[in-house]
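Q: Give me a model of this one.
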Amino acid sequence: MFADIEKRIWIRSGIVEELDMKQSRLIEYVLEKIRHYYNELYGTRRCYSYPLTLSRLRKLCNRSSYSIMGAVRILANTVPYGSKEEPPIHYDRVKSGRNNSHRPYRIWLRREHRQ
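A: Reported below is the predicted structural model:
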């Protein structure tokens, strides 16, 4: 009757967060699409020669940018409870060349998590 709860720990604060099945599935789906981008698409065409951005990930997943950003933050800042590994992704934000107030996210998959 009760859904499976996944526990993840935030790496810098040590706070344990409990995720329900729906949140866990979304996180796995987003990670699968990030892996797909870097393993299958990255560098194949000119439009895929850039790092993965939040807007492109949103289009790949066909989800809202709010839900994708939540999943990216969880993937970049948490690990499964009791695990000693690093988070599977990391991201940064850089200034745009034309508009300094525009700072797009660049999402990267860590090398040890490429499959």
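Q: report the longest helix in this structure, please.
A: If each helix of the chain is counted by residues according to DSSP state H, the longest one is helix 21-36.
Q: List the buried residues in it.
A: Q23, S24, L26, I27, V30, L31, K33, I34, R35 (16 or more other Cβ atoms under 10 Å). Backbone N, C-alpha and C define where each C-beta goes, glycine included.
Q: same deal with stretch 90-101?
A: Applying a neighbour-count criterion of 16+ other Cβ under 10 Å, the buried positions in stretch 90-101 are Y91.
Q: One more: stretch 49-61?
A: For stretch 49-61, the buried set under the neighbour-count rule, 16+ other Cβ under 10 Å, comprises P51, L52, L54, R56, L57, R58, L60, C61.
Q: what does stretch 62-78 give?
A: Using 16+ other Cβ under 10 Å as the test for burial, stretch 62-78 gives R63, I68, M69, G70, A71, V72, I74, L75, A76, N77, T78.
Q: what's the closest non-adjacent residue to the last one?
A: If I follow you right, that is T78. Once flanking residues are discounted, T78 sits nearest to R8: 4.0 Å by Cβ to Cβ, 6 or more residues apart in numbering.
Q: Check the secondary structure at that neighbour for me.
A: Recorded secondary structure, R8: strand (DSSP: H, G, I helix; E, B strand; the rest coil).
Q: my guess is it meets I74, correct?
A: Yes. Using Cβ atoms under 8 Å, R8 and I74 qualify as a contacting pair, with a distance of 6.7 Å.
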